[in-house]
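Just a sequence and a predicted model for now, questions to come.
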Amino acid sequence: MKTPRLPSAVYQILTLSFIGLFPLCLTAQETEPNNSPGQANLFPVNSSLTAAINAVGDEDWFALTLPEEGILKVRSAGVDINDYYITLYDSDGTSVLSNKEVFPLG
């Protein structure tokens, strides 16, 4: 997922899928619960994370702060066969700025 130029701000990222592991290039360990914007795990930019969707319908929220205006790139490489979604929200946790469905098998 690649966004247009974004101002310096706090953003929310939601990942959801069926069951499985997914690496998300955002270095930290995911902690549960992080199933809502208020429970989002905080991550510095230019770091990486391995997270897991533990059950159908599980949502994992992550928050990051862009220190200056720029373009946000989120790279993922699923080790699972299930499709998953990555959605970038504004700091309000409701306004969708970008959305991407990821197909690990093509």
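Alright, I've got the coordinates.

When you work out contacts or count neighbours from here on, use the C-alpha atoms and nothing else.
Noted.

what sits against the residue nearest to residue 69 when sequence neighbours are not counted?
Nearest residue to residue 69 in three dimensions, chain neighbours excluded: residue 7, at 4.1 Å (Cα to Cα, 6 or more residues apart in numbering). Residues near residue 7 by Cα atoms under 8 Å, 6 or more residues apart in numbering: 66, 68-70.

okay, these in a markdown table with secondary structure and distance to residue 39 next?
As requested, the contacts of residue 7 are exported to a markdown table (DSSP: H, G, I helix; E, B strand; the rest coil; distance: Cα to Cα, whole Å):
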| residue | secondary structure | distance to residue 39 |
| --- | --- | --- |
| 66 | strand | 19 |
| 68 | coil | 24 |
| 69 | coil | 25 |
| 70 | strand | 25 |
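
Sketch out the low-pLDDT regions of this structure for me.
1-4, 9-10, 12, 14-28, 77-81, 105-106 (pLDDT under 70).

And the strands in it, which stretches?
Using DSSP state E, the strands of the chain run over 9-17, 20-25, 28-29, 41-42, 49-53, 59-66, 75-76, 84-89, 96-102.

give me the number of residues near the nearest residue to residue 101 once chain neighbours are set aside?
Sequence neighbours aside, residue 85 is the residue nearest to residue 101 in space, at 4.4 Å (criterion: Cα to Cα, 6+ apart). Per other Cα atoms under 10 Å, the neighbour tally for residue 85 reads 15.

What's the separation between residue 85 and residue 34?
Remark: distance between residue 85 and residue 34 (Cα to Cα, to the nearest Å) = 16 Å.

The one residue sitting closest to the centre of the chain bridge partners, please.
Nearest residue to the geometric centre of the chain (Cα atoms, centre = their mean): residue 13, 3.9 Å. On the basis of DSSP bridges, residue 13 is bridged to residue 62, residue 88.

check contacts around it.
So residue 13 contacts 61-64, 86-89 (Cα under 8 Å, 6+ apart).

Now render those as TSV, adding neighbour count and distance to residue 53.
Converted to TSV, the contacts of residue 13 look like this (neighbours: other Cα atoms under 10 Å; distance: Cα to Cα, whole Å):
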residue	neighbour count	distance to residue 53
61	25	11
62	22	13
63	23	17
64	18	20
86	22	12
87	17	15
88	26	17
89	20	19
